[in-house]
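Student: fold the following and give me the result.
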Amino acid sequence: MQEIGASFRRLRIDSDLSQDELSRAANVSIGAVKNLESGKGASLSTMVKVVRALRREEWFGLLDPHPVVNPMQILRDRKLNAPRSRVSRKRGQDDDV
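Tutor: You can find the predicted model right below:
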């Protein structure tokens, strides 16, 4: 959590904002900003507000990466490409026994 806090702190400083200015822009308490930056923790709501105030919404896309391998697609492909395991007969055919 401390690494995340350090990232927020660097981004705030790079944006030339004080903690007070960021707290007002994000509509959170200054204590919430301090806790976030120090790595003590923050609510998800606070983090979202701060990310938006810092105009880094593209970070949200990193939270839901697209899987490289989709297990459900693998199962579907196996089912479609699998050889039939049972031979069916047409109705009405007599057995040649």
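
Student: now do stretch 31-51: everything it contacts.
Tutor: 1-6, 8-9, 12, 19, 22-23, 26-28, 57, 59-60 (C-beta atoms under 8 Å, 6 or more residues apart in numbering). In this view, the C-beta of every residue, glycine as well, is placed from N, C-alpha and C.

Student: the same query, at a cut-off of 6 Å, please.
Tutor: Residues outside stretch 31-51 that contact it (C-beta atoms under 6 Å, 6 or more residues apart in numbering): 1-2, 5, 8-9, 19, 22-23, 26, 28, 59.

Student: continuing past the one helix or strand in the chain whose mean pLDDT sits lowest, what's the next helix or strand?
Tutor: Sorted by mean pLDDT, DSSP states H and E, the helices and strands of the chain end with helix 59-62, the least confident at a mean of 74. Going down the chain from helix 59-62, the next helix or strand is helix 71-81, by DSSP states H and E.

Student: now that following helix: average pLDDT?
Tutor: Mean pLDDT, computed over helix 71-81, is 79.

Student: what's the following helix or strand after the helix or strand containing K34?
Tutor: Element membership for K34, per DSSP H and E: helix 30-38. Following helix 30-38 in sequence order, the next helix or strand is helix 44-53 (DSSP H and E).

Student: now do that next one: distance to the chain's middle.
Tutor: Relative to its parent chain, helix 44-53 has a centroid offset of 15 Å by C-alpha atoms, centre = their mean, to the nearest Å.

Student: next one: stretch 51-71
Tutor: Its chain's C-alpha centre and that of stretch 51-71 lie 5 Å apart, by C-alpha atoms, centre = their mean.

Student: contacts for stretch 53-63 next, please.
Tutor: 11, 15, 25-26, 51.

Student: repeat that for 7 Å
Tutor: For stretch 53-63, contacts defined as C-beta atoms under 7 Å, 6 or more residues apart in numbering pick out 11-12, 15, 22, 25-26, 51.
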